[in-house]
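K.L.:
Predicted model and sequence below, questions to follow.
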Amino acid sequence: LQYRLVTQQNNNNNDSILFVSSHGSELKASNKKMSPSPPVVARLLLPDDANIAGNVHGGTILKLMEEAGMITATRHMNKNEENCIAALIRFETMAFLKPVFVGEVASCQCNIIFTSNQSMLVEVVVSAEDISKGKVRVTNVGQLWYVPMVPGDDQKKDWSKPPKVAQVPPIEPQGDDAVHKFEKAKADYET
């Protein structure tokens, strides 16, 4: 999907960004508190993560996002199911909003915004922090689909056998924004 910038506001040095796709789905990001959960993945970015201009490679950011999403989805599954690992099956959306530079700390915050019987849609928001100045900005927003896998044997312990897909516990979105994202993702999923 292609997204276009609809609004960008700057209130008290907090960017608020809204992107809308041609299908009507939205990506929102803000430098204000992005999630009730703490960062799942945070990493200091070093010269080997970047090109000669000091911009961090997009692939490095994608890897951080995938790891954060996998951790979030796996934690959700392991509330009810032991020995389950969430596997990435697709990037639904991805927006590179601003560059990340060497010396900054990239943090990924995640929320599961939709679940089906056998898959989860995880929204990952990446922020970059200049720790020497204490400034934080949103740099990337993406939505990733994960499928929960369990070992294929009857005791669910042997990963050498082909894995099976597990049942995903449903989520109950809290708050207007979460309900809106859930309903939009549900409509997209069902079409």
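P.N.:
Structure received. Numbering: from 1, shown residues only.
K.L.:
partners of the lengthiest strand in the chain in the sheet?
P.N.:
Of all segments of type strand in the chain, defined using DSSP state E, the longest is strand 135-150. Note on strand 135-150: by DSSP bridges, its sheet partners are strand 85-96 (antiparallel), strand 120-130 (antiparallel), strand 164-165 (antiparallel).
K.L.:
Could you identify which of the ones you listed is most buried?
P.N.:
Mean neighbour count (mean count of other Cβ atoms under 10 Å) peaks for strand 120-130 among those, with a mean of 24. (Glycine included, C-beta is placed from N, CA and C.)
K.L.:
so which of the strands paired with strand 135-150 gets nearest Gln143?
P.N.:
Among the strands paired with strand 135-150, strand 85-96 comes nearest to Gln143, with 4.2 Å by Cβ to Cβ.
K.L.:
quick one, what contacts the residue at minimal distance from the centre of the chain?
P.N.:
The chain has Val124 as the residue nearest its centroid, 1.9 Å off, counting by Cα atoms, centre = their mean. Residues counted as contacts of Val124 (Cβ atoms under 8 Å, 6 or more residues apart in numbering) are 65, 68-69, 108-110, 140-144.
K.L.:
Phi first, then psi, for Leu64.
P.N.:
phi -60, psi -40 (degrees, to the nearest 10).
K.L.:
about what we covered before: average model confidence for the longest strand of the chain?
P.N.:
Averaging pLDDT along strand 135-150 yields 96.
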